[in-house]
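how would this look folded up:
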Amino acid sequence: MNHYFLFILTTLLIAITPGADTVLVTKNTLNQGRKVGLKTVAGVCTGIVIHELLAILGLSAIIASSVLLFNIVKYAGAAFLIFMGISILLSKKKSITAPTTTTEQKSETSSFLQGLLSNVLNPKAIIFFISFLPQFIKPEENTSLQMVLLGITPVLVTLIWLAIYVNLINYVRKWFNKPAFQSIFQRATGLVLITLAMRLAFEKR
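Model (predicted):
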């Protein structure tokens, strides 16, 4: 397999580059703790697996080649981020370390879905998996084994990085249990998600 180390490095750089996934993981970890943060990470990694399956089945190529389908995914992703951003801006401020209520326990179940949708509805991921992965496959060698290895690598790299990130955020979480910080963080998170949504909506392929 050609330059597998380069593939790992590139995947790591993509994983650590801040985006909607990182914003949601940060928000959920600071608001509700390590468990919810890791649920969000699980959603993100599941999204990666879905993108890989779509690429293997050839569906990603169909979506990428169709202006209509690509725009549907793009605008759906933008709409989701705008919805999340507005929801955060309108939500009531609460103590980061406050006891978990029944309502909050129910809201925790959405963290996985948030991570999943933020990743699945990212059109850049579609382009990445159909254009980047094939460059590292040697046709003369076992292509199935190479595809499995290249498929597992982004999931593991993203999982390890975001798990480390969640634990770091959770460690400092108790230091930010101040109303002033919570207000600024909540507004900043909402505005960042809306900004990412607008950039996604107006971005060309």
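
now residue 38. Nearest residue, chain neighbours left out?
Spatial nearest neighbour of residue 38, excluding adjacent residues (Cβ to Cβ, 6 or more residues apart in numbering): residue 166 at 5.7 Å. Using the backbone N, CA and C atoms, a C-beta is placed for each residue, glycine as well.

which element is the one you found on?
helix 143-172 (DSSP states H and E).

average model confidence for that helix?
Across helix 143-172, the average pLDDT comes to 90.

tell me what that helix is packed against?
helix 4-16, helix 20-32, helix 34-57 (3 or more Cβ pairs under 8 Å, 6 or more residues apart in numbering; DSSP states H and E).

and the residue of the chain positioned farthest from its centre, how far from residue 146?
Distance from the C-alpha centroid of the chain, by Cα atoms, centre = their mean, peaks at residue 140 (34.0 Å). Distance of residue 140 to residue 146, computed by Cβ to Cβ, to the nearest Å: 11 Å.

what does residue 132 give?
Counting by Cβ to Cβ, the gap from residue 132 to residue 146 is 14 Å.

low pLDDT regions in the protein?
1-2, 92-109, 177, 205 (pLDDT under 70).

now the most centrally placed residue in it: how far from residue 196?
For the chain, residue 21 is the residue whose C-alpha lies nearest the centre (Cα atoms, centre = their mean; 2.9 Å). Distance, residue 21 to residue 196, by Cβ to Cβ: 10 Å.

give the contact list for residue 65.
Contacts for residue 65 were tallied using Cβ atoms under 8 Å, 6 or more residues apart in numbering; there are none.

return the residues in contact with residue 19.
122, 196.

for it, what are phi and psi?
When read as degrees, to the nearest 10, the backbone of residue 19 gives phi -160, psi -160.

tell me the contacts of the residue lying closest to residue 74 once chain neighbours are set aside?
In this structure, residue 74 finds its nearest non-sequential neighbour in residue 123, 4.7 Å apart by Cβ to Cβ, 6+ apart. Contacts for residue 123 (Cβ under 8 Å, 6+ apart) come out as 70, 73-74, 77, 200, 205.

ok, 7 Å please
70, 73-74, 77 (Cβ atoms under 7 Å, 6 or more residues apart in numbering).

out of the residues you listed, which sit inside helices?
70, 73-74, 77 (DSSP state H).

most neighbours of all those, which one?
Per-residue neighbour counts (other Cβ atoms under 10 Å) across those peak at residue 77, which has 24 neighbours.

just give the nearest non-adjacent residue to that one, would you?
Closest to residue 77 by Cβ to Cβ, 6+ apart is residue 121, at 3.4 Å.

surely that neighbour meets residue 79?
No - counting by Cβ atoms under 7 Å, residue 121 sits too far from residue 79 to count as a contact (8.6 Å).
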